[in-house]
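Q: When you get a sec, could you give me coordinates for this:
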Amino acid sequence: MLEKAVIIGAGIGGLATSIRLRAKGHHVTVFESNAYPGGKLHEKTVNGFRFDMGPSLFTMPWLVDELFLLCKKNPKDYFDYKRKKTICNYFWQDGTTFSAASTRERFITEASQKFNEPPQKLLAYLNGNQRKYELTKGVFLEKSLHKLSTYLSLETLKAATKIGVMGIDESLNDWNSKFFENPKLVQLFNRFATYNGSSPYKTPGIMSMIPHLEMDLGTYFPYGGMHQITRSLYTLAKEIGVEFKFNVPVERIAVKHKKVSGVVTPSGEESASVVVSNMDIFPTYQKLLVDQVQPKKVLEQERSSSALIFYWGIKRTFPELDLHNIFFSADYESEFDCIFNKRTLFEDPTVYINITSKEESKDAPEGCENWFVMINTPGDYGQDWKTLKQQARKRIIEKLNSILGCTLEDHIVEEMILEPKGIEGNTSSYRGALYGAASNSKFSAFLRHPNFTNKIKGLYFCGGSVHPGGGIPLCLLSAKIVSDLVKKPAL
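A: A predicted model of the protein is given here:
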């Protein structure tokens, strides 16, 4: 008889874990409180405008392909994508614009000319980012940080010898400022702190490895949009025998004699020898493990940033925009001070716009575009979001009108809005944090909750709120780490 595994939550981490454990020989059941899989990686269509509701950046697509190959399936039968030639279009209030090319040589040449920085400095910076990634990926991304075996390896020792040149003891902003004099180029590279929901003025300089994922390993567009990742993995999981139970919230993780025995739902107890929580780590303990010892330091960690998102159907096209677009704040440091210290919105926010109809014309009616318009925000600490949303909408439109030379409000024909409180309601992400805990200190990676607990045998954790972190690639890697930790079922 197959050993039973239960997964709580059908987010991207839960889907990937279900596939890996099923391929390993477990009988797998996934409980999801929503009526759909994918968690944040969801979509909605309104009057011909299709919107990806959550993550909009796709990197490291081979981590998705790997799941199909693991099941001896051809990934292209389920899922395909293309590499973008332009990574992102950048805009500043003074009229400066810059299109970041996807090839290193072209990026260096064009950035050197635009920002008046020596090409050799750009090359040294990008080479350093690549070295940081290659030295640390095996330790910080692909293995459990909480197992002794991770540290007893040649790979770890090699990384340790280079720790002094990785920027651990200085902020990302300080690290970038050492390389570049032009404040706009510093700001461009500072923005990568937001990829893990942190502040470039607090997160350590080692995070300069993040641009390597986008600039050297590539930025991709999945055909069918980001939600196609969810669709394809859900289809694969069902094909190989994973069982899904939607609209069924888990009320408690059952523990007997310091070992999981299953989960409790409104319809009763489901027995299992392996339980994996894809739920945010905070509600996992606060709601599902109320009788167990709480990891106080982990649960009290500073939360990552959240987001305020406007989904706009635009009855017009903008040829100067691409799939990814950034409109920078004129005072980046004050913006992050508002987010992390004052817990409010800055009057001049940096605006990100994602437009999938640039790649898939069917995502919007003819002559129209689907805009995913996002600003970084603090999590939900009881702010007056009704007022903040109104203020932000006005400021965003004024900013875009000024830079694009338009009257945007005349072209918005559809609108949906999602704020941190709504993100928490939809996904159980504590305070609406997009990435669990923030990475605003050099110890953050070690303070994230591990993918297992020594206190309860058979209990594991995956997803963006635990090691190695948030975002699609890291959630997929968390699933891989969990799969490596779970033993094959006895025959």
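
Q: can I see the domain layout of this structure?
A: Using automatic domain parsing, the domain parsing of the chain gives 4-80+224-300+439-485, 103-217.

Q: Adding mean pLDDT and distance to residue 382, write those domains out as a markdown table.
A: In this view, the C-beta of every residue, glycine as well, is placed from N, C-alpha and C. Formatted as a markdown table, the domains of the chain follow (pLDDT from 0 to 100; distance: least, C-beta to C-beta, whole Å):
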| stretch | mean pLDDT | distance to residue 382 |
| --- | --- | --- |
| domain 4-80+224-300+439-485 | 96 | 16 |
| domain 103-217 | 84 | 19 |
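
Q: looking at these, which is buried most?
A: Sort the domains of the chain by mean neighbour count, taking mean count of other C-beta atoms under 10 Å, and domain 4-80+224-300+439-485 sits at the top with a mean of 20.

Q: ok, then the element right after the helix or strand encompassing residue 414?
A: Residue 414 belongs to strand 412-418 when assigned by DSSP states H and E. Counting by DSSP H and E, the next helix or strand C-terminal to strand 412-418 is helix 420-427.

Q: burial measure for residue 353, as a count.
A: Look at residue 353: counted by other C-beta atoms under 10 Å, it has 25 neighbours.

Q: I figured it was touching residue 370, is that so?
A: No - taking C-beta atoms under 8 Å as the definition, residue 353 is not a contact partner of residue 370, at 10.3 Å.

Q: on that earlier part again, need the domains of the chain in a markdown table (columns: distance to residue 361).
A: Below are the domains of the chain laid out as a markdown table (distance: least, C-beta to C-beta, whole Å):
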| stretch | distance to residue 361 |
| --- | --- |
| domain 4-80+224-300+439-485 | 11 |
| domain 103-217 | 25 |
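
Q: Out of those, which is closest to residue 342?
A: domain 103-217 (12.3 Å; C-beta to C-beta).

Q: chain center to that closest one, what's the gap?
A: Centroid displacement of domain 103-217 relative to its chain, using C-alpha atoms, centre = their mean, to the nearest Å, is 18 Å.

Q: which parts of the strand holding residue 414 are buried?
A: Residues of strand 412-418 classed as buried by neighbour count (16 or more other C-beta atoms under 10 Å): 412-414, 418.

Q: which residues sit against that strand?
A: Here strand 412-418 makes contact (C-beta atoms under 8 Å, 6 or more residues apart in numbering) with 44, 46-47, 49, 51, 53, 307-315, 368, 389, 393, 426.

Q: Can I get the helix or strand hosting residue 376 in CSV, CA atoms only?
A: Per DSSP H and E, residue 376 falls inside strand 369-377. The C-alpha trace of strand 369-377 is given here as CSV (Å, rounded to 0.1, in the frame of the first residue of the first chain):
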residue,chain,number,x,y,z
GLU,A,369,-4.0,46.6,-23.6
ASN,A,370,-4.3,44.8,-20.2
TRP,A,371,-2.3,46.7,-17.6
PHE,A,372,-1.2,45.2,-14.4
VAL,A,373,-0.1,48.3,-12.4
MET,A,374,1.7,47.7,-9.1
ILE,A,375,3.4,49.7,-6.4
ASN,A,376,5.2,48.3,-3.4
THR,A,377,3.5,48.8,-0.1
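
Q: which helices and strands sit right next to that strand?
A: Secondary-structure packing of strand 369-377 (3 or more C-beta pairs under 8 Å, 6 or more residues apart in numbering; DSSP states H and E): strand 49-52, strand 306-314, strand 351-354, helix 385-404.

Q: which residues make contact with that strand from outside it?
A: Strand 369-377 is contacted by residues 49-52, 56, 194, 305-314, 316-318, 321, 335, 339, 345, 349-358, 363-364, 388, 392, 396, 419-420 when judged by C-beta under 8 Å, 6+ apart.

Q: May I ask you to confirm that residue 326 belongs to a strand?
A: Yes - per DSSP: H, G, I helix; E, B strand; the rest coil, residue 326 lies within a strand segment.

Q: Isn't it up against residue 351?
A: Yes - between residue 326 and residue 351 there is a contact under C-beta under 8 Å: 7.4 Å.

Q: Now for these two: what residues contact both?
A: Joint contacts of residue 326 and residue 351 (C-beta under 8 Å, 6+ apart) do not exist.

Q: quick one: which of those two has more around it?
A: Neighbour count, other C-beta under 10 Å: between residue 326 and residue 351, residue 351 has more, with 23 against 19.

Q: how near is that one to residue 329?
A: Distance of residue 351 to residue 329, computed by C-beta to C-beta, to the nearest Å: 9 Å.

Q: Repeat that for residue 364.
A: Note on residue 364: its distance to residue 329, by C-beta to C-beta, is 28 Å.

Q: got it, and residue 428?
A: Taking C-beta to C-beta, one finds residue 428 at 30 Å from residue 329.

Q: What of residue 52?
A: With distances taken as C-beta to C-beta, residue 52 is found 24 Å from residue 329.

Q: hang on, the earlier thing: to residue 379, which of the domains of the chain lies closest?
A: Checking those against residue 379 by C-beta to C-beta gives domain 103-217 as the closest, at 9.3 Å.

Q: Endpoint to endpoint, that closest one covers what distance?
A: End-to-end span of domain 103-217 (C-alpha to C-alpha, to the nearest Å): 10 Å.

Q: Also stretch 46-54?
A: Taking C-alpha to C-alpha, the first and last residues of stretch 46-54 lie 16 Å apart.

Q: how far does it sit from the chain's center?
A: The chain centroid and the centroid of stretch 46-54 are separated by 19 Å under C-alpha atoms, centre = their mean.

Q: What lies in contact with the helix or strand hosting residue 188?
A: Using DSSP H and E, residue 188 sits in helix 183-190. For helix 183-190, the surrounding residues in contact (C-beta under 8 Å, 6+ apart) are 90, 92, 96, 98, 100, 111, 115, 117, 125, 172-173, 176-177, 180, 200, 208, 211, 328, 332.

Q: distance of the nearest residue to residue 266 once chain neighbours are set aside from residue 456?
A: Leaving aside its chain neighbours, residue 266 sits nearest to residue 251 (6.7 Å; criterion: C-beta to C-beta, 6 or more residues apart in numbering). For residue 251, the distance to residue 456 equals 17 Å [C-beta to C-beta].

Q: next one: residue 89
A: With distances taken as C-beta to C-beta, residue 89 is found 48 Å from residue 456.

Q: repeat for residue 69
A: With distances taken as C-beta to C-beta, residue 69 is found 32 Å from residue 456.

Q: and what of residue 10?
A: When distance is defined by C-beta to C-beta, residue 10 is 22 Å away from residue 456.

Q: And residue 135, by the same measure?
A: Per C-beta to C-beta, residue 135 is found 34 Å from residue 456.

Q: and if you look at residue 311?
A: Counting by C-beta to C-beta, the separation of residue 311 from residue 456 is 40 Å.

Q: Also residue 22?
A: Distance, residue 22 to residue 456, using C-beta to C-beta: 23 Å.

Q: show me what contacts the closest residue to residue 186 other than its chain neighbours?
A: Distances taken as C-beta to C-beta, 6+ apart put residue 176 closest to residue 186, at 4.7 Å, once the chain neighbours are dropped. Each residue near residue 176 by C-beta under 8 Å, 6+ apart is listed here: 185-186, 189-190, 200, 205, 208.

Q: Where does residue 176 fall, secondary structure wise?
A: Take DSSP H and E as the rule and residue 176 turns out to sit in helix 172-179.

Q: any idea of the angle that helix forms with helix 183-190?
A: Angle, helix 172-179 to helix 183-190, by axes from the mean of the first three to the mean of the last three C-alpha atoms, to 10 degrees: 130 degrees.
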